[in-house]
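> no sequence on this one, just coordinates:
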């Protein structure tokens with residue numbers, strides 16, 4: 001009886017040790033995964049900062065003005081006229097899709113479009 005009890009306790013200790021080792025291994029893998037994701041996030045942030053700096057250099061007004069002057073013969077750009085600026089209510093209305101007379105007789109893509117009322 002005592003021998004069987006000792007064997008059961010030893011078996012329980014071994015199973016407990018294996019479970020704790022497995023949990024430790026899973027926690028280590030999770031920590032490595034989190035560290036890898038954090039490294040990727042830092043790389044992306046650094047890349048975004050680099051791209052923003054490059055964008056601000058490319059959009060400097062004096063650089064753009066020099067490009068316009070250099071390629072003006074090819075681009076044929078003209079200054080913006082005041083008459084070209086309009087209010088949203090001055091724009092024409094969107095075209096209205098009307099439903100066919102007699103219901104939907106067309107199949108495929110022609111008959112499946114939603115109508116705007």
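Cool, the structure landed. The model shown is predicted, which means the values in this text are computed figures rather than measured ones.
> need the longest helix for this structure.
The residue-count maximum for a helix in the chain (DSSP state H) belongs to helix 2-58.
> next SSE after that helix?
The helix or strand immediately downstream of helix 2-58 is helix 61-70, counting by DSSP states H and E.
> give me the helices and strands touching that next one, please.
Applying 3 or more Cβ pairs under 8 Å, 6 or more residues apart in numbering; DSSP states H and E, we find helix 61-70 packed against no helix or strand. Quick note: C-beta positions are derived from backbone N, CA and C, even for glycine.
> how about it: buried residues?
Buried residues in helix 61-70, counting neighbours by 16 or more other Cβ atoms under 10 Å, are absent.
> got the angle for the longest helix of the chain vs helix 61-70?
Here helix 2-58 points in a direction 50 degrees away from that of helix 61-70 (axes from the mean of the first three to the mean of the last three Cα atoms, to 10 degrees).
> so for helix 2-58, mean pLDDT?
Here helix 2-58 scores 96 as its mean pLDDT.
> separation between residue 44 and residue 11?
49 Å (Cβ to Cβ, to the nearest Å).
> what does residue 21 give?
For residue 21 relative to residue 11 (Cβ to Cβ), the value is 16 Å.
> go on, residue 87?
Distance of residue 87 to residue 11, computed by Cβ to Cβ: 84 Å.
> list the contacts for the residue most central in space within the chain?
Nearest to the geometric centre of the chain sits residue 44, at 12.2 Å (Cα atoms, centre = their mean). Residue 44 sits next to no residue when contact means Cβ atoms under 8 Å, 6 or more residues apart in numbering.
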